[in-house]
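Asker: Show me the folded form of this:
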Amino acid sequence: MVNVLVVEDEELIAAFVEKGLRAHGYGVVWVRNGREGLERAAGTDISLVILDLGLPDLDGLEVLQGLRERGGHVPVVVLSARARVADRVEGLNLGADDYLVKPFAFEELLARVRANLRPRGQRSAGTLLHVGGVHLDLLLREVTVDGRSVRLSGREFALLKAFVTYPRQVLSRQELLSMAWDMDFDTRTNLVDVYVRYLRRKLGEHMIVTVPRVGYRLRDEPGAVAGTPPQPFA
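Answerer: Here you go, the predicted model:
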């Protein structure tokens, strides 16, 4: 069994993460402080570490630095409320493999756990999608637009994936809700419109085209790779 070490002093968060990981077949070891986390992370039975930074004894960055100085190569996903760019850069420079800011969606954490457990060499063409200048790596959850790295939330990534999979098609709000949220159409929700605005801010206002009274489509580009047309909705 793949064992994930969770170094987190907040019981509710740790219990939430542990429950979700166990439901997906992972073993979980939970410790509440940095010193114990540093010792357990060095164990041969640990395949990945989820590390909080605001710990009661050692700061999480000290744990990370200590682990790397000891020669530990286990993947580390930082899970922290510290959202400043400087904090993320420091964590990555000290040897973190990934950095996720609280509050977070468990599905995004799970995707990052899976990506960091899988050797990069195992990626296949089926996990890489591109349309024009937009490139998605489904395993690493990475997005680039015209060579520029773009950081998306889990929901933004799911919505962009829907657009990239069907680039020449106009997708209705109902279809986008189903593909990105796995929910039926609700005339009272403006989730799709809100998240389209988020994507436009990050990708470029011109990247997603509004088709009045129908829905949205990704900007059409020569050579775009289309997926299998979505099935009609009842």
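
Asker: If we go by neighbour counts, what in the least confident helix or strand in the chain by mean pLDDT is buried?
Answerer: Counting by mean pLDDT, DSSP states H and E, the chain has its least confident helix or strand at strand 128-131, which shows a mean of 82. For strand 128-131, a neighbour-count test (16 or more other CB atoms under 10 Å) marks L129, H130, V131 as buried. The way it works is simple: take the backbone N, C-alpha and C, and place the C-beta from them, glycine included.

Asker: Mind checking what helix or strand follows the helix or strand containing L92 in sequence?
Answerer: For L92, the enclosing helix or strand under DSSP states H and E is helix 85-93. The element immediately downstream of helix 85-93 (helix or strand, assigned by DSSP H and E) is strand 98-101.

Asker: Please export the C-alpha coordinates of that following strand as CSV.
Answerer: Extracted as CSV, the C-alpha positions of strand 98-101 are listed here (Å, rounded to 0.1, in the frame of the first residue of the first chain):
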residue,chain,number,x,y,z
ASP,A,98,4.0,21.1,-5.1
TYR,A,99,2.2,23.9,-3.1
LEU,A,100,-1.5,24.1,-2.5
VAL,A,101,-3.2,26.9,-0.6
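
Asker: Pull up the pairing partners for it, direction included.
Answerer: strand 76-80 (parallel) (DSSP bridges).

Asker: got the angle for the strand it pairs with vs helix 85-93?
Answerer: Inter-element angle recorded for strand 76-80 and helix 85-93: 160 degrees (by axes from the mean of the first three to the mean of the last three CA atoms, to 10 degrees).

Asker: Low-confidence bits of this structure, can you list those?
Answerer: 118-127, 139, 182-189, 220-234 (pLDDT under 70).

Asker: Can you tell me the element the residue most central in space within it falls in?
Answerer: Centroid-nearest residue in the chain, with CA atoms, centre = their mean: E108, separated by 4.0 Å. Element membership of E108, judged by DSSP H and E, is helix 106-117.
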